[in-house]
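**Q** sequence and predicted model, in that order:
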Amino acid sequence: MKEVLVTGGAGFVGSHLIESLVNENIKVTVLDDFSNGSEKNLQQVKDKIQIEKFDISNTDWNSINKYNPDTIFHLATHPRSFSLQDPKRNMEVNVHGTLNVLEFAKKKDAKVIYTSNSGICGDPQFLPVTEEHPIDCKTPYDANKLVGELYAKIYYKIHGVYSVIFRLATVYGERQRVNEKLGWRPLIATLVEKVEKGETPIIQWDGEQTRDLIYVKDVVDCLILGAKSKDHGGEMFLLSTNTETSVNKAHETVCKTIGKNVTPKYGEMLPGDLRRMVLSYDKAKKAFGFSPKVPVEEGVRRYVEWYRKNK
Ligand SMILES: NC(=O)c1ccc[n+]([C@@H]2O[C@H](COP(=O)([O-])OP(=O)(O)OC[C@H]3O[C@@H](n4cnc5c(N)ncnc54)[C@H](O)[C@@H]3O)[C@@H](O)[C@H]2O)c1
């Protein structure tokens, strides 16, 4: 890897990925329309990278023809939380945008690392969920991410565009923020914001629904391992911790870390929410030697430390 494009690079996962790439002296260009990302996320690396304000659903990719990446990390996404309200825009970004990325990769003979979503399996029929688990999409976002995966596989089989697909579990970590405008309320970020402000968190459903919470730096390490691989073209991997944490337990961990005992209120279950989620990372371990390093307690501690400095 010498030169990369990162779509959605000004977002949460993208900004951490870029820091790691810059540390490896890789030339980075960010494509982001800043609908959910921010230049602030790239503050520490902005002098070492190129940033293009660019909508990936835009069909005119000639304006960025000057870039010759050997790898494209395709992270740009229209969020799950908003996809029921605006399924059309979700499709434009997550399907048309992904096709545009694959076409550009074909033209430039670049690899594609695509971040998909483990939620497309729906309510698990067995635990831990594996790559063989049947699909049961609950939102337009899930369906559109799945179509993106299928296109990545087709482009590998038909055109030889090397792609690795990662279905991410629930990612958390520094720089993840609540975005009320997009209805985006990530679990740890929401709980920390509420408890720090002394407000009462509202837990939708009874709080016994579970998540597989993965710390963002662990995700980044695995995406880079995938990009350096040669023998897994068109394959899909779960990217997870194989650890189940209930929303109530996450709340408890946040309260303990912050040092405040706040009792949450309980609300209605959100449409499309899943009862249980825990995913095996065995396949990624066998293929890339990946295993997650940061347990939830440590990840939450790092998040709270960052939040207090960046309120
Ligand atoms: N965070 C999670 O828990 C999680 C879980 C599963 C999968 N993922 C996947 O990981 C990837 C990164 O997620 P994230 O949490 O960093 O999200 P994020 O919203 O922070 O980052 C996505 C970025 O894409 C940009 N973007 C949106 N539409 C665009 C467009 N049309 N053109 C260019 N840029 C556009 C946004 O401005 C944002 O900076 C996504 O593909 C997402 O589907 C994330």
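**A** On my side now, so go ahead.
**Q** what parts of the chain come near the ligand?
**A** 7-8, 10-14, 31-37, 54-57, 75-79, 93, 97, 115, 117, 168, 170-171 (CB under 6 Å from any ligand atom). C-betas here are computed from N, CA, C, even on glycine.
**Q** residue 269 contacts residue 205, correct?
**A** Yes - the criterion here is CB atoms under 8 Å, and residue 269 meets it with residue 205 at 4.0 Å.
**Q** any chance you could map the helices in the stretch 51-200 of the chain?
**A** 87-91, 97-108, 140-159, 187-197 (DSSP state H, counting those that start in this stretch).
**Q** for residue 217, which of those is the nearest?
**A** Distance to residue 217, taken as CB to CB, is lowest for helix 187-197 among the helices of the stretch 51-200 of the chain, at 14.1 Å.
**Q** next secondary structure element downstream of the closest one?
**A** For helix 187-197, the following helix or strand on the C-terminal side (DSSP states H and E) is strand 202-204.
**Q** about what we covered before: just put the helices of the stretch 51-200 of the chain in CSV and tack on mean pLDDT.
**A** What follows is those, written out as CSV (pLDDT from 0 to 100):
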stretch, mean pLDDT
helix 87-91, 95
helix 97-108, 98
helix 140-159, 97
helix 187-197, 96
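**Q** tell me which of those sits nearest to residue 298.
**A** Proximity to residue 298, assessed across the helices of the stretch 51-200 of the chain by CB to CB, is greatest for helix 187-197 (12.3 Å).
**Q** what's in contact with the closest one?
**A** 170, 172, 176-178, 200-201, 211, 213, 247, 250-251, 254-255, 258, 260, 262, 299-300, 303-304, 307-308, 311 (CB atoms under 8 Å, 6 or more residues apart in numbering).
**Q** if we ignore the residues flanking it in sequence, what's nearest the residue of the chain most remote from its centre?
**A** For the chain, the C-alpha lying farthest from the average C-alpha position belongs to residue 261; by CA atoms, centre = their mean, that distance is 30.2 Å. Excluding its sequence neighbours, the residue lying closest to residue 261 (CB to CB, 6 or more residues apart in numbering) is residue 255, at 5.7 Å.
**Q** one more: residue 211?
**A** In this structure, residue 211 finds its nearest non-sequential neighbour in residue 170, 4.4 Å apart by CB to CB, 6+ apart.
**Q** so the one you found sits against residue 210, correct?
**A** No - the pair residue 170 / residue 210 is not scored as a contact, 9.7 Å apart, by CB under 8 Å.
**Q** list residues touching both of these two?
**A** residue 277.
**Q** dump the helices of the stretch 51-200 of the chain into a markdown table; add mean neighbour count as well.
**A** As requested, the helices of the stretch 51-200 of the chain are exported to a markdown table (neighbours: other CB atoms under 10 Å):
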| stretch | mean neighbour count |
| --- | --- |
| helix 87-91 | 17 |
| helix 97-108 | 21 |
| helix 140-159 | 20 |
| helix 187-197 | 20 |
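**Q** format those helices as JSON lines; extra columns: distance to residue 223.
**A** Shown next, in JSON lines, are these (distance: least, CB to CB, whole Å):
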{"stretch": "helix 87-91", "distance to residue 223": "22"}
{"stretch": "helix 97-108", "distance to residue 223": "15"}
{"stretch": "helix 140-159", "distance to residue 223": "14"}
{"stretch": "helix 187-197", "distance to residue 223": "20"}
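**Q** and residue 232, which of these is closest to it?
**A** Nearest of the helices of the stretch 51-200 of the chain to residue 232, taken as CB to CB: helix 140-159 at 10.0 Å.
**Q** circling back to that earlier point, which of the helices of the stretch 51-200 of the chain sits closest to residue 124?
**A** Closest to residue 124 of those is helix 140-159 (CB to CB; 14.0 Å).
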